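**Q** Requesting a structural model of the entry that follows:
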Amino acid sequence: MNLRRDWIPALISISFSLGVLRSPLSWIAAGGFVVGAVVLSAFWSRWSLAQERPRMAAILAWSVLSAPLWVAGGLVDAEASRWVLWLAALGIDLVGPLAAYWLPGAGSTPMSQWQIEGAHFGERFQLFVIIALGESIVLAGATASDTGLSVEVVTALLLAFLSSTALWWLYFGQVAGAVLERIRGATAEERGQIGRDIYTYLHLPIVAGIVLVAVGDELVIAHPTDGSIWGAVPGPMPGRIVRIDPKTCVSEVYEPPFNNPAVNVNGYTPRGIDVDNNGVIWTALAGSGHLASFDRRKCHIMSGPEATNGQHCPEGWTLYRAPGPSFKGATDAIAVDMHYYNFVDRYNTLGLGPNVPLANGTNSDSLLALLPDGRFVRLRVPYPLGFYSRGMDGRIDDPNGGWKGRGLYADYGPNAVWHTEGGKGTRSSVVKFQLRPDPLAK
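**A** Numbering: from 1, shown residues only. Got it, this is the predicted structure:
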């Protein structure tokens, strides 16, 4: 019996929680699944034992039935349409075993005809559970390594390991053995039903539960505390960002690296502040011309006398020098541009991806978007002259409308609006930015 192919939809559903659904490369995941499912079913329908071939051919027919939906879901741009298509395909794949792979003219396959060897069949599914538990431990360790081993993180890591151990004991100590004994004493008809109901279907929530626990562990490790309030203070030199815990009113002050022997870059004058979905703080350094990130979890010193001068956590800062010239003859790289404010596009309203930070290029008539690879994209407004933007925000008007249903908005921000192109009587404006996912997107 080969009901293991019905685990492939389960793995696809798990990948939703890992972000494949929102990935622009989702068509690769869908296409890979279709090729694997169809090729595997075709192989078994041709090369399995003669008495097994009709059943394998029925599985192949159901695979071909759902394949167009998987592929179409990977190709559409609208996320809502992708959900509909993939859930429909998933439904077909999950209904197949329940319908005993019924086909017009051929009928369904009685459960008694599915030959199951209990120990071997159970072992295959136990390996799936071991893989899921192992990946959950790897995810917890990798997240802790990236976050930094503070007391809170180590505690959360130990609890994550204990939860994975408890799930392992619950499955292998309680469930696996009982099911194996049940299948050994069952009739041929009952063995087919056990293979379908317990292994094919009931293992779906088991593995989904392991994945959800792993996601929860990752969130706890990456964000062991929450609810803090952050603000930016541009002066006195070099400025600072401030963290306040509203539960205790305890404040922490972090200055950008400035005349700090631990690093070879100077940053100063933070004006705006925002946070991404990973809890990383972003600020525009208006004076030095950087878009800077600050990750408090990387700090080695959190308290004590050394944490009172503001320069105690240079390792938490990453400074990205924005494009543009510096003042001629300056002893330091003092930027000509001025970044009045900044914004993190957490929900991909612009179209460059989620969590993309942007700064106002206030003196360069532009917005500056920082891509994950460190490159900047300049969104320049050449006319009317005098864009001089001081703020921006994103908005999603239609979640199902693709790139047309969302946009980024920025203002014409001069104090004296009549200095913009057009002269006296000219009024301020708001500019809407939208990016097509490709030049031919409609």
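
**Q** Confirm for me that Cys299 is in contact with Gly316.
**A** Yes. Using Cβ atoms under 8 Å, Cys299 is in contact with Gly316, at 4.9 Å. For the C-beta atoms, the positions are set from N, CA and C on the backbone; glycine is no exception.

**Q** Name the strands paired with the one helix or strand Ile241 maps to and say parallel or antiparallel.
**A** Take DSSP states H and E as the rule and Ile241 turns out to sit in strand 240-245. Strands that pair with strand 240-245, judged by DSSP bridges, come out as strand 229-233 (antiparallel), strand 250-254 (antiparallel).

**Q** Pipe these into CSV and attach distance to Asn400, mean neighbour count and mean pLDDT per row.
**A** As requested, those are arranged in CSV below (distance: least, Cβ to Cβ, whole Å; neighbours: other Cβ atoms under 10 Å; pLDDT from 0 to 100):
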stretch, distance to Asn400, mean neighbour count, mean pLDDT
strand 229-233, 33, 15, 87
strand 250-254, 41, 16, 90
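
**Q** so which of the ones you listed gets nearest Asn342?
**A** For those, the distance to Asn342 is smallest for strand 229-233, at 9.1 Å, taking Cβ to Cβ.

**Q** Need the strands paired with strand 240-245 in CSV (columns: distance to Leu180).
**A** As requested, those are exported to CSV (distance: least, Cβ to Cβ, whole Å):
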stretch, distance to Leu180
strand 229-233, 54
strand 250-254, 55
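
**Q** Ok, which of these comes nearest Gly402?
**A** Gly402 lies closest, by Cβ to Cβ, to one member of the strands paired with strand 240-245: strand 229-233, at 32.9 Å.

**Q** Would you tell me what the next helix or strand after the longest helix along the chain is?
**A** In the chain, with assignment by DSSP state H, the single longest helix is helix 118-147. Sequence order places helix 151-170 as the next helix or strand after helix 118-147, per DSSP H and E.

**Q** tell me which strands and helices whichever helix or strand comes after that next one is in contact with?
**A** Using DSSP H and E, the next helix or strand after helix 151-170 towards the C-terminus is helix 176-184. If contacts are counted by 3 or more Cβ pairs under 8 Å, 6 or more residues apart in numbering; DSSP states H and E, helix 176-184 sits against helix 118-147, helix 188-194.

**Q** lowest-confidence stretch among these?
**A** With a mean of 70, helix 188-194 has the lowest mean pLDDT of the helices and strands packed on helix 176-184.

**Q** Can you show me the helices along the chain?
**A** With DSSP H, the ranges of helices along the chain come out as 7-17, 26-47, 53-75, 79-98, 118-147, 151-170, 176-184, 188-194, 203-222.

**Q** Could I get these in TSV, plus columns for distance to Pro357?
**A** Formatted as TSV, the helices of the chain follow (distance: least, Cβ to Cβ, whole Å):
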stretch	distance to Pro357
helix 7-17	25
helix 26-47	25
helix 53-75	29
helix 79-98	23
helix 118-147	19
helix 151-170	24
helix 176-184	48
helix 188-194	53
helix 203-222	18
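
**Q** can you tell me which of these the model trusts least?
**A** helix 7-17 has the lowest average pLDDT among those, namely a mean of 43.

**Q** related to what we said a few turns ago, just put the helices and strands packed on helix 176-184 in a markdown table and tack on distance to Gly405 and mean neighbour count.
**A** Conversion of these to a markdown table gives the following (distance: least, Cβ to Cβ, whole Å; neighbours: other Cβ atoms under 10 Å):
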| stretch | distance to Gly405 | mean neighbour count |
| --- | --- | --- |
| helix 118-147 | 33 | 16 |
| helix 188-194 | 47 | 18 |
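
**Q** picking up where we left off before, out of the strands paired with strand 240-245, flag the one nearest Pro323.
**A** Judging the strands paired with strand 240-245 by Cβ to Cβ, what sits closest to Pro323 is strand 229-233, at 22.1 Å.

**Q** my read: Gly394 touches Arg406, true?
**A** Yes. Counting by Cβ under 8 Å, Gly394 touches Arg406, with 7.1 Å between them.

**Q** Could you tell me which residues touch both of these two?
**A** Taking Cβ atoms under 8 Å, 6 or more residues apart in numbering as the criterion, Gly394 and Arg406 both touch Tyr347, Thr349, Leu350.

**Q** Any of the residues you listed buried? List them.
**A** Buried residues within these, counting neighbours by 16 or more other Cβ atoms under 10 Å: Thr349, Leu350.

**Q** Okay, and the beta partners of the closest residue to Lys432 other than its chain neighbours?
**A** Leaving out its chain neighbours, the residue that sits closest to Lys432 by Cβ to Cβ, 6 or more residues apart in numbering is Gly407, at 4.8 Å. Beta-bridge partners recorded for Gly407 (DSSP bridges): Arg395.

**Q** Pro357 versus Gly407, what's the distance?
**A** 17 Å (Cβ to Cβ, to the nearest Å).

**Q** coming back round to it: nearest to Ser429, of the helices of the chain?
**A** It's helix 79-98; of the helices of the chain, that one is closest to Ser429 (Cβ to Cβ) at 31.0 Å.

**Q** helices or strands up against the closest one?
**A** Looks like helix 79-98 contacts helix 7-17, helix 53-75 (3+ Cβ pairs under 8 Å, 6+ apart).

**Q** in the longest one, what's buried?
**A** Residues of helix 53-75 classed as buried: 55-63, 66-67, 69-74 (neighbour count, 16+ other Cβ under 10 Å).

**Q** Would you mind splitting this protein into its domains for me?
**A** Following automatic domain parsing, one gets these domains for the chain: 1-109, 111-224, 226-339.

**Q** Please convert these to JSON lines, extending it with distance to Gly422.
**A** Below are the domains of the chain laid out as JSON lines (distance: least, Cβ to Cβ, whole Å):
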{"stretch": "domain 1-109", "distance to Gly422": "37"}
{"stretch": "domain 111-224", "distance to Gly422": "48"}
{"stretch": "domain 226-339", "distance to Gly422": "23"}
